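In: Sequence plus the predicted model coming up.
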Amino acid sequence: MTDKTLEQLSTAELEQVLDDFITRKVDELSMPTFFEAWEILDRERRARMPVIVVEGDISDDEVALSLPEPVLAPITVSGNELIVNGYRIILKLKTGV
Amino acid sequence: MLHIILSPKLTPQHRSVVMKYLTRQGELTGSEAAIALQAFDLLAESQVVHRGKTRTFATVYEQLIDRAYADDFLERLLSLPEPKQTQTDALKATIARQILPRFKAEGLYRPDVPASAYLLAYAYWWWDAFAKGYIFEAQVFHDLAQSGVRFIAHDIRSRAERLSPADLIVLGYPGDIKHSTYFLLPLRVSSLKHDFYIVRLYHPIWRRIVCAVILQESMWHEINGEPLLGELRQAAELFPAVVRVEFPDGALIVVEYEQWKAKVKAHQEKEQTND
């Protein structure tokens, strides 16, 4: 019966599957399955996140940021500042480290 | 007339994983569990055309099951002097067994419309997730209170409070109480929002249900303890050892529930003494 899909079950079989499901003793994912699924979901979600490329030109130990492509997100760059979500992110270069 | 429009994104693989989830949940691999969550999301947006109305599976569930049974179930759950698993499971099953007759009577399950089995499966799956989730919440609230841990809990009798951002607050940190599937469900679209999560899982070597707490490093530092460094996939084999897992946006700690509870209680007692 488990090789079938739901729409291939008779009413009696479907009723049995659903009743067994609701009364099953092990009603949680196993720990290895859980952590593996978490890792997969996290990786997939990050892969779907839009990517914004910011370029930096360095001259005289100063960096000038720019967006090579226009972006739809509320992000602006000005000199060495990146403004995202009300935050000013300031890029400072360190030399000799 | 009953017409079921399954999401066109629902592949044969989704269908076969839904069947495995319902019949052999303990044998799912991590990748199958991820596919199952996607499948149930696709079922939620699938449609039922019945008596001239088109509704999603999620709407049918909300109208026929949630509105009819949720409040009564929670009232009965919370009126138990102690939410013991056998009693609460029986309560969950009693209501679940009303779903099939109800759907048959409403003309929403018909053997000559094979795809209507998916509507039924979706309703059972959601009911199971809902009931199991609140049973676990009631058990954790009961246990924390019995153990003398101070916490603020949302009132699950109230629909509005059930939608509150956090289930409970401990040491000023907002947290949630989740069973394994429900914890994973939002991770498809967002990262973790709370400082800690109490999660119910199956330990295949111990062959029993266990509770883990997944928490942000800041809360762990407050209640003290040195974790082992590990990777997410190793957390299961290292359990009950405390594991610190690195993510691109910060680290998380995985700790066994009783250890977490003992540390919170010790911290609260120390705070009280200092006051």
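Out: Happy to help now that I have it.
In: Let me know how buried residue 10 is, in neighbour terms.
Out: Going with chain A. Neighbourhood size, A:Ser10 [other Cβ atoms under 10 Å in any protein chain shown]: 11. No exception for glycine: its C-beta is placed from N, CA and C like everyone else's.
In: meant chain B actually
Out: Burial of B:Leu10 is recorded as 19 neighbouring residues (other Cβ under 10 Å).
In: show me what contacts it?
Out: Counting by Cβ atoms under 8 Å, 6 or more residues apart in numbering or on different chains, B:Leu10 touches B:Ala39, B:Leu42, B:Leu43, B:Ser46.
In: Let's see if you can find the most crowded of those.
Out: B:Ala39 (27 neighbours).
In: elements contacting the helix or strand where it lies?
Out: Per DSSP states H and E: B:Ala39 is located in helix B:30-45. With contacts defined as 3 or more Cβ pairs under 8 Å, 6 or more residues apart in numbering or on different chains; DSSP states H and E, the packing partners of helix B:30-45 are helix A:31-48, helix B:12-23, helix B:57-61, helix B:116-147, helix B:180-184.
In: List the strands paired with the helix or strand following that helix, with their directions.
Out: Sequence-wise, the next helix or strand downstream of helix B:30-45 (DSSP H and E) is strand B:47-50. In the sheet containing strand B:47-50, its partner strands are strand B:2-5 (antiparallel), strand B:53-56 (antiparallel), by DSSP bridges.
In: Show the average pLDDT along the first one.
Out: Just to be clear, that refers to strand B:2-5. Across strand B:2-5, the average pLDDT comes to 96.
In: who touches it?
Out: By Cβ under 8 Å, 6+ apart, strand B:2-5 touches B:46-50, B:107-108, B:110, B:113, B:115-116, B:118-119.
In: just the helices and strands packed on helix B:30-45: most buried one?
Out: Ranked by mean neighbour count, those are led by helix B:180-184 with a mean of 23 (mean count of other Cβ atoms under 10 Å in any protein chain shown).
In: packing partners for it?
Out: Counting contacts by 3+ Cβ pairs under 8 Å, 6+ apart, helix B:180-184 packs against helix A:31-48, helix B:30-45, helix B:116-147, strand B:196-203.
In: quick one: the shortest one near chain A?
Out: Yes: using Cβ under 8 Å from any Cβ of the partner chain, strand B:196-203 reaches chain A at B:Val199, B:Arg200, B:Leu201, B:Tyr202, B:His203.
In: Buried residues in the very next helix or strand once past that strand, which are they?
Out: Using DSSP H and E, the helix or strand that follows strand B:196-203 towards the C-terminus is strand B:208-216. For strand B:208-216, a neighbour-count test (16 or more other Cβ atoms under 10 Å in any protein chain shown) marks B:Ile209, B:Val210, B:Cys211, B:Ala212, B:Val213, B:Ile214, B:Leu215, B:Gln216 as buried.
In: For stretch B:210-219, output the C-alpha coordinates as CSV.
Out: In CSV, the C-alpha atoms belonging to stretch B:210-219 read as follows (Å, rounded to 0.1, in the frame of the first residue of the first chain):
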residue,chain,number,x,y,z
VAL,B,210,13.4,13.9,23.5
CYS,B,211,13.3,17.7,24.0
ALA,B,212,16.1,20.0,22.8
VAL,B,213,16.5,23.7,23.3
ILE,B,214,18.1,25.7,20.4
LEU,B,215,19.2,29.1,21.6
GLN,B,216,21.1,32.1,20.6
GLU,B,217,24.6,32.4,22.1
SER,B,218,23.6,35.5,24.1
MET,B,219,21.1,33.6,26.2
